[in-house]
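J.: What follows is a predicted protein model with its sequence.
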Amino acid sequence: MTTLHSVAVQQLQALLAIRRFDQCYLSERVPEDNQAITGWAEAQLSQDNPGDNLLILASLNFDCPPDAHDLACYLDKFLQEQQIAELDDNLAATLWLRRELGFILDTRNRAVLMNLLFRFDDYLLDLSHTRFTRKTRRSLSRLYRYLFEGYDQNYDPKAEADSMSDETLFAYVHQQVAPFCRALKNNDWRTLLAAPKRL
């Protein structure tokens, strides 16, 4: 059995971290996360003597989505075999947040944008892990309310986004969100931002 390259291990740890948050808050995305994990396993088959558990994980990628029970069983065996530990919640939160910010920046659909931002206004979403994740969540919640839950002087609903062209709206969102995303794309900064307290 070959020991995995450190980059491959980090990729798997990131996938597991994102899935852990999706299991809590976005269960509809878990099948996609499972498919990404089995896809990762299939990509590792170029390794010499990959081992039975990796081979089985890779074979699950032929199903869409992979069987959740089989995946859980053989993934657990594989993680123990390779002595791979899951990332702590602080770092996992920053990885999940980075993905969500990427979705916000990439979309050009108003309804999708509203739903993506609304997620951060949901009181059930816990991103209190670090100062950075708390600040980002608050900023995105305020952005959602400013754009999609505004009122006029007569207290009638009047979303600010309704008065913006698509070009203006997405440019404004990019201006507000991109600085958070840039920080999270830098590995060194992401590790620092995952610290529970400022150093």
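T.: Looks like it arrived, so ask away.
J.: how about L45, what does it touch?
T.: Listed by CB atoms under 8 Å, 6 or more residues apart in numbering, the contact set of L45 reads L54, L55, A58. (Each C-beta comes from the backbone N, C-alpha and C, glycine too.)
J.: Just the buried ones among the residues you listed, please.
T.: Restricting the contacts of L45 to buried positions leaves L54, A58, with burial counted as 16 or more other CB atoms under 10 Å.
J.: Which of the contacts of L45 fall in helices?
T.: L54, L55, A58 (DSSP state H).
J.: Could you dump those into JSON lines and include distance to E32 and pLDDT?
T.: As requested, those are exported to JSON lines (distance: CB to CB, whole Å; pLDDT from 0 to 100):
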{"residue": "L54", "distance to E32": "21", "pLDDT": "94"}
{"residue": "L55", "distance to E32": "23", "pLDDT": "93"}
{"residue": "A58", "distance to E32": "17", "pLDDT": "95"}
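J.: Nearest to G150 among these?
T.: Compare each of the ones in helices among the contacts of L45 with G150 using CB to CB and the shortest gap goes to A58, at 49.8 Å.
J.: returning to that earlier point: can you redo the ones in helices among the contacts of L45 as JSON lines with distance to P31?
T.: Putting the ones in helices among the contacts of L45 into JSON lines (distance: CB to CB, whole Å) gives the following:
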{"residue": "L54", "distance to P31": "21"}
{"residue": "L55", "distance to P31": "22"}
{"residue": "A58", "distance to P31": "17"}
